[in-house]
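# I'd like to go over a predicted model; first the sequence, then the structure.
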Amino acid sequence: MKNFIITFFLCLSVAVLAQTDDDPFNPGNSDGTVRPVTKSKSSEPNMNNFSFDKSKFRISPGFGLAFDGRFFSMSLSSRLGYRAIKYVEPGVGLSYQFQNIRADRTFVGYEGHTVGGSIYLRVYPYRELFLHVEGVMKNFWFRDKVQNQQKPPFNTVTYGNVLAGLGYHVVVGNKTWFTPMLLINLMPNRLYNNTYQVLPEFNLTLPFLS
C-alpha cells in the first residue's frame, strides 16, 4: 500500500512538471522555476464598452388607405424587433387608425380613432422561417355623427387579444426583406367580431439603426 501511494505521488509530480514545461501560457525559466502569471489588461472585460449590436434591429413599417364617396380610413403601424441571437427576436409594435363616415340626411355618420400597442416574440426554427406570438392591446375612441347636429363626446373601449402564426423573410434587396405572415387570433372577442379570424400580413422589413 505504501509503495502504491509513493508511486501515485511520483506520477502526479511528473505530470505537474510536464504540464508546467509544456504550458505556453506559463513557461518555466531556464533554472526550472515557474514564472509568475500576469493578467493582460486587454484580456479583461471592459463593461464601459458594452452596447447593443445596432445591425440586429429590424423595423417593419405599414401604411393603409381606403376611401370612397362617404368613407375614409387611414392606418399607420410599425413593429420594431431585435434579433438578439440567431433563433430569437423579441419586439414591440405600435399602430394607429382613423376612420370617418360622412353623415347625410339618410345615414348616421361615424368617427373613430384606434391606438394599439403590442409585444411579440419570434422563434426561428429554420433559417428565416419564424413562429410569431404577439400580445395586442387596442383602445378605441368612437362616436356617431348626425347631420346638422352637434358632435357628441367620444365613447371609449379597450380590447386585448393574442395572435399566433408563421412568417418568412424573403430577401428582395440589400438589407431589405419582404415578410409575409399568416396569423390567427386565439381569443374570439369583440376585437375580432367574436370569431376566429385568419389575418394575412405583408410587410417590408428594414434595418433600423445600421
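Everything's here; your move.
# residues making contact with stretch 98-117?
Stretch 98-117 is touched from outside by 70-75, 77, 92-97, 136-147, 151, 154, with contacts defined as Cβ atoms under 8 Å, 6 or more residues apart in numbering. The way it works is simple: take the backbone N, C-alpha and C, and place the C-beta from them, glycine included.
# Now do the buried residues in that stretch.
For stretch 98-117, the neighbour count (16 or more other Cβ atoms under 10 Å) marks 99, 100, 101, 103, 109, 110, 111, 112, 113, 114, 116 as buried.
# what two of those residues are the furthest from one another?
Pairwise distances across the buried residues of stretch 98-117 peak at 26.2 Å for 103 and 116 (criterion: Cβ to Cβ).
# re the thing from before, would you mind checking the contacts of stretch 98-117 for buried ones?
75, 77, 93, 95, 97, 136, 138, 140, 145.
# rewinding a little: and the contacts of stretch 98-117, which of them are in helices?
With helices taken from DSSP state H, there is no overlap with these.
# Looking at the buried residues of stretch 98-117, which one is closest to residue 164?
residue 116 (17.0 Å).
# A strand includes residue 55, no?
No - read with DSSP: H, G, I helix; E, B strand; the rest coil, residue 55 is helix and lies in no strand.
# can I assume it is in contact with residue 82?
No - judged on Cβ atoms under 8 Å, residue 55 makes no contact with residue 82 at a distance of 10.4 Å.
# Can you pick out the residue with more neighbours from these two?
Between residue 55 and residue 82, counted using other Cβ atoms under 10 Å, the more crowded position is residue 82 (16 against 12).
# Identify the bridge partners of the closest residue to residue 198 other than its chain neighbours.
Spatial nearest neighbour of residue 198, chain neighbours left out: residue 184 (5.6 Å); criterion: Cβ to Cβ, 6 or more residues apart in numbering. When assigned by DSSP bridges, residue 184 has beta-bridge partners residue 164, residue 198.
# Nice, that's everything, thank you.
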